[in-house]
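>>> Build me a structure from this.
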Amino acid sequence: MHYTYLYKVVQNEPKVGGTWEIVDHREGKDYRAIGEYLEIDPPSRLVLTFEMPQFSETVDTLTVEVTSHGERSEMTFTQHIIVPHEEGWTGDDIEKAILKYNTGSEQG
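Numbering: from 1, shown residues only. This is a model prediction of the structure:
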């Protein structure tokens, strides 16, 4: 599957407490992602929040860690996803919701 992205808005204030925003246009729809920088430790670590308000009120945390290996570097991305669930959900219901959110995040 191939997507063409048209970024309509890109705002970035890369400092602790600073915010970022991206609005991209895909398949006739706008998708808005926003967040705040929580930790900036160049060149090895970046921690920020990630929200898509049109889908959920939850706020995820993304961590990017860069490890040097001589002339090469490795980037590790970790996303702590908050999965909202309703009262009365079983453990299976919660696991299914987590899988759905994880899959959606990986595709994004």
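>>> For this structure, which segments count as helices?
91-107 (DSSP state H).
>>> ok, longest strand in it?
strand 29-41 (DSSP state E).
>>> That strand: which residues count as buried?
By 16 or more other CB atoms under 10 Å, the buried positions in strand 29-41 come out as 31, 33-37. Every residue, glycine included, has its C-beta placed from N, CA and C.
>>> Between those, which sits nearest Gln54?
Nearest to Gln54, judged by CB to CB, of the buried residues of strand 29-41 is Tyr31 at 7.4 Å.
>>> so what's the closest one bridging to?
Asp24 (DSSP bridges).
>>> buried sites along stretch 66-78?
So for stretch 66-78, nothing qualifies as buried (16+ other CB under 10 Å).
>>> pLDDT averaged over it - what is it?
Averaging pLDDT along stretch 66-78 yields 93.
>>> ok, residues contacting that stretch?
Residues from elsewhere that reach stretch 66-78, judged by CB atoms under 8 Å, 6 or more residues apart in numbering: 43-45, 62-65.
>>> Out of those residues, flag the one nearest to Val83.
Nearest member of the contacts of stretch 66-78 to Val83, counting by CB to CB, is Leu62, at 15.5 Å.
>>> neighbours around Leu48, how many?
When neighbours are defined as other CB atoms under 10 Å, Leu48 has 20 of them.
>>> surely it meets Ala33?
No. Using CB atoms under 8 Å, Leu48 makes no contact with Ala33, being 10.7 Å away.
>>> How much space separates Glu74 from Thr67?
Distance of Glu74 to Thr67, computed by CB to CB, to the nearest Å: 5 Å.
>>> What confidence value was assigned to Glu106?
Looking at Glu106, its pLDDT is 61.
>>> Identify the bridge partners of Val66.
With DSSP bridges as the rule, Val66 is bridged to Met75.
>>> For the residue of the chain positioned farthest from its centre, give its distance to Asp41.
In the chain, the residue that sits farthest from the middle, by CA atoms, centre = their mean, is Gly70; the gap is 28.7 Å. Applying CB to CB, the value for Gly70 to Asp41 is 21 Å.
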